[in-house]
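**Student:** Predicted model, plus sequence, below.
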Amino acid sequence: MSPQKKLATILSPEKSWSAKESWRLFGIMAEFVEGTERLDAIQPAVSIFGSARTNQDHPHYQLAEQIAKQLSDAGFSVISGGGPGIMEAANKGAYFGKSPSVGLNIQLPQEEQHNEYQDISQTFRHFFARKYMFVKFATAYVVLPGGFGTLDEIMEALTLAQTGKTRKIPIILVCSDFWRGLLDWFQQVLIKEGFISPEDMDLVQIIDEPSQIVNAIFKYYETSGFEPTPAEREIQLNL
């Protein structure tokens, strides 16, 4: 019998639940430790996001695959959520490139199928541990069209960069027609109401061409290099 089940048989329901929560913390710690150790050698890396519902014959899928292939050939590991759609396209492009294809898979109540194009595969039970890995190991974010999950990732990246909780990295939105309305809303509503500052718009850029995306990332780091500075490492420790 596992320690958790043994405790559950001798404790009251309230204390049993508290004990389960305590054991859960050890599981969370294990995910952070294992994920950090497995991914430590993949840098520099680019995290790519987009819809899980995009099928293989969709232009967005093909564009994501091209971007990932060019990034991989340029020396970047490519990190995706490990599932279908844009995640699969990103892993597929990197898998047939020169650098590692990394899938950060998530266990869901309705099981999401993991794609087969992963050189390094790490599975998480907790979304926040998985999201930490996307941020910690990314030297850039590339975001294609997607739904709530994609919007969640882009907003978190912008929030962390805006508040100084992570080092500033290129945050690149792909498919200008899709994203233009959102950025216009930032300008016309959030800035107008004073909810964000005009300079916050500099945290994000729109680029549609794969080669230009690669060039923009290299240009961003051409003076500082991809390796975090001691000050940036300190920031990451407190992420």
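**Tutor:** Structure's in. What do you need?
**Student:** how about Ile171, phi and psi?
**Tutor:** phi -120, psi 110 (degrees, to the nearest 10).
**Student:** Can you give me the neighbour number for it?
**Tutor:** 17 (other Cβ atoms under 10 Å). Placement of C-beta: from N, CA and C, glycine included.
**Student:** Repeat that for Gln162.
**Tutor:** Neighbours around Gln162, by other Cβ under 10 Å: 15.
**Student:** Repeat that for Val142.
**Tutor:** Using other Cβ under 10 Å, the number of residues around Val142 comes to 30.
**Student:** any chance you could map the strands in this structure?
**Tutor:** Using DSSP state E, the strands of the chain run over 45-49, 77-80, 101-106, 120-124, 140-143, 171-173, 205-206.
**Student:** Mean pLDDT and distance to Ile196 added to those, as JSON lines?
**Tutor:** Below are the strands of the chain laid out as JSON lines (pLDDT from 0 to 100; distance: least, Cβ to Cβ, whole Å):
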{"stretch": "strand 45-49", "mean pLDDT": "97", "distance to Ile196": "21"}
{"stretch": "strand 77-80", "mean pLDDT": "97", "distance to Ile196": "27"}
{"stretch": "strand 101-106", "mean pLDDT": "94", "distance to Ile196": "29"}
{"stretch": "strand 120-124", "mean pLDDT": "92", "distance to Ile196": "31"}
{"stretch": "strand 140-143", "mean pLDDT": "98", "distance to Ile196": "18"}
{"stretch": "strand 171-173", "mean pLDDT": "98", "distance to Ile196": "14"}
{"stretch": "strand 205-206", "mean pLDDT": "98", "distance to Ile196": "16"}
